[in-house]
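*Asks:* would you be able to build a 3D model of this:
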Amino acid sequence: MIRFILLQNRSGKTRLSKWYVPFEEDEKEKIKQEVHRVITTREPRFTNFVEYRTYKIIYRRYAGLYFSFCVDITDNELAYLESIHLMVEVFDHFFGNVCELDLVFNFHKVYMILDELFLAGEVQETSKPVVLHRVQQVEKLE
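*Replies:* Coordinates of the predicted model:
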């Protein structure tokens, strides 16, 4: 199960956070700082999986953004790494060569895409065309 999703830039500014389990606000800020410190200080030759508290952080860097998932320790790392890649592909196709500003200024659309991909901390849909079709249908309604 996904505990939370974080999108952070290289300087540590959180551009998107989605929490699937409850945390206090001060705990969330502490987690954001700790996760950023852990993943940005790792050398590129290491894997994209880090044990964090009683969970695992699966992360991937695309351009200047770090996409991080916190998952249960027993979950499949490669499945979530593939989910990160799918999420980036959907963003890229939807926004047309996505950049950090697209995520900031269209956060409501980003959350809509996340809700199509993940439901209650579990992967809901793995087909990029299906997700894009659903999101485009909602766009037509607006």
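*Asks:* going forward, measure contacts and count neighbours with C-alpha atoms only.
*Replies:* OK.
*Asks:* can you give me the helices in the chain?
*Replies:* Applying DSSP state H to the chain gives helices spanning 25-40, 77-95, 100-105, 107-117, 128-141.
*Asks:* Lys18: which of these is closest?
*Replies:* helix 107-117 (8.3 Å; C-alpha to C-alpha).
*Asks:* got the angle for the closest one vs helix 77-95?
*Replies:* Helix 107-117 runs at 140 degrees relative to helix 77-95, counting by axes from the mean of the first three to the mean of the last three C-alpha atoms, to 10 degrees.
*Asks:* contacts only, for Asp72.
*Replies:* Taking C-alpha atoms under 8 Å, 6 or more residues apart in numbering, we find Asp72 in contact with Met1, Ile2, Arg3, Thr54, Tyr55, Lys56.
*Asks:* beta partners for it?
*Replies:* Beta-bridge pairing for Asp72 (DSSP bridges): Tyr55.
*Asks:* kindly report the same for Leu119.
*Replies:* Going by DSSP bridges, Leu119 forms beta bridges with Glu122.
*Asks:* can you pull the pLDDT of it?
*Replies:* Looking at Leu119, its pLDDT is 94.
*Asks:* one more: Thr126?
*Replies:* pLDDT, read off for Thr126, is 93.
*Asks:* for it, which non-adjacent residue is spatially closest?
*Replies:* Computed as C-alpha to C-alpha, 6 or more residues apart in numbering, the closest residue to Thr126 that is not its neighbour in sequence is Leu117, at 7.0 Å.
*Asks:* OK, contacts around Glu116?
*Replies:* Counting by C-alpha under 8 Å, 6+ apart, Glu116 touches Gln124, Glu125, Val131, Arg134, Val135.
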